[in-house]
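In: okay, sequence plus prediction incoming.
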Amino acid sequence: MRKLILATALLACATPALAQRDRDADAIADRLGDRATQRVVGDSIGAIMAAVLDVRIDGLRRAIDPLGRRDRYEPRTVREMIERDDPYFEDRVAQDTGMAVATMGSAARGIADLVPELRILTDRVSRSVEDAMDQSGARY
């Protein structure tokens, strides 16, 4: 019974937060569902990834193993190291990023649609617990 009361109290406390986030969730879903936003986010992630891929690692490799055997084909950057095993890495990441942003938009829309249902559920549970408490004569 205590767990039920605690769960109801937590749900009741969460209701105002759910109501406040309702408009925010709609705005986020609209923004992430926009193709222009998806393109900007994808381009931004691509630029960050390019900067990381261009980081030089040859000096770090020499510092870690100063006496190690050197190969003239030794990768100098993160990009060269990755592309050695996966030449289409950047293309795949760019494609996957666009799909991921679109998926986030769909998920945000689903959450925005779910918020009113959660509010209804919270009200029902609260009323059910109050009714049960009244019928049992328990004090709270």
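Out: That came through, no problem.
In: low-confidence stretches in this structure?
Out: Within the chain, the stretches with pLDDT under 70 are 1-22, 138-140.
In: switch to 80 and redo it
Out: Where the chain drops to pLDDT under 80, the residues are 1-26, 28-30, 32-33, 68-73, 94, 98-99, 101-102, 105, 108-109, 136-140.
In: just how off-centre is the longest helix belonging to it within its chain?
Out: Scanning the chain for the longest helix, with DSSP state H as the assignment, gives helix 89-136. Relative to the mean C-alpha coordinate of its chain, helix 89-136 is positioned 13 Å out (CA atoms, centre = their mean, to the nearest Å).
In: need the residue closest to the centroid of this structure.
Out: Nearest to the geometric centre of the chain sits residue 104, at 7.4 Å (CA atoms, centre = their mean).
In: how close does it get to residue 25?
Out: Here the criterion is CB to CB, to the nearest Å. By it, residue 104 lies 12 Å from residue 25. Quick note: C-beta positions are derived from backbone N, CA and C, even for glycine.
In: who touches the residue nearest to the centre of the chain in this structure?
Out: Residues in contact with residue 104 (CB atoms under 8 Å, 6 or more residues apart in numbering) are residue 32.
In: try 10 Å this time
Out: Each residue near residue 104 by CB atoms under 10 Å, 6 or more residues apart in numbering is listed here: 28, 29, 32, 33, 38, 41.
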